[in-house]
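Chemist: show me the folded form of this:
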Amino acid sequence: MAEYLAYDYPVLGAFWTVMWIFLWIWWLVLLFRIIVDIFRDRRMNGWAKAGWLIFVMVIPFLGVLVYVIARGRQMGEREIDHARAQQEAMNAYIRDVAGGPAEDVDRLAKLSELKNKGDITEAEFQRAKDKILH
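Modeler: Residues are numbered from 1 along each chain as shown. Just a heads-up that it's a prediction; the model follows:
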């Protein structure tokens, strides 16, 4: 029975092991992002989605490569649109929870931005805020 000690594993071997683990995780993240993108695309019909899924699952490396080449730009645009929609939903939720008229909330947000940029002083901010709230 052979004993393996920590110093029997060369540093280069450890480096390559870590590199392969990193590449494997990176591959899984890319694969799942593509699968999510296939389902997120509203312009594609069900048959096209099924075709892309089969292509990506049966021949994963070629399927992912072809998908990124053919639809990579739209994939980024869909990601940006999704993030923008989430931000708008969050802003609408905050306005709804904050209560009061939405225009007052918008005015307060703009005032806060002006104060943070340094365009108005704290005193000017307080006066404008009091005027909006009362």
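Chemist: how far is the helix or strand harbouring residue 110 from where the chain is centred?
Modeler: Secondary structure assignment for residue 110, by DSSP states H and E: helix 102-117. Centre-to-centre, helix 102-117 and its host chain are 26 Å apart (C-alpha atoms, centre = their mean, to the nearest Å).
Chemist: got the buried residues for that helix?
Modeler: Within helix 102-117, the residues that count as buried by 16 or more other C-beta atoms under 10 Å are 105, 107, 108, 111, 115. Every residue, glycine included, has its C-beta placed from N, CA and C.
Chemist: could you look up the next helix or strand downstream of the lowest-mean-pLDDT helix or strand in the chain?
Modeler: When each helix and strand of the chain is scored by mean pLDDT, DSSP states H and E, helix 102-117 comes last, with a mean of 82. Counting by DSSP H and E, the next helix or strand C-terminal to helix 102-117 is helix 122-133.
Chemist: can you classify the closest residue to residue 106 other than its chain neighbours as helix, strand or coil?
Modeler: In this structure, residue 106 finds its nearest non-sequential neighbour in residue 95, 7.8 Å apart by C-beta to C-beta, 6 or more residues apart in numbering. With DSSP: H, G, I helix; E, B strand; the rest coil as the basis, the three-state label of residue 95 is helix.
Chemist: how many residues are close by residue 95?
Modeler: Residue 95 has 17 neighbouring residues, counting by other C-beta atoms under 10 Å.
Chemist: domain map for the chain?
Modeler: As assigned by automatic domain parsing, the chain contains the domains 1-71, 101-134.
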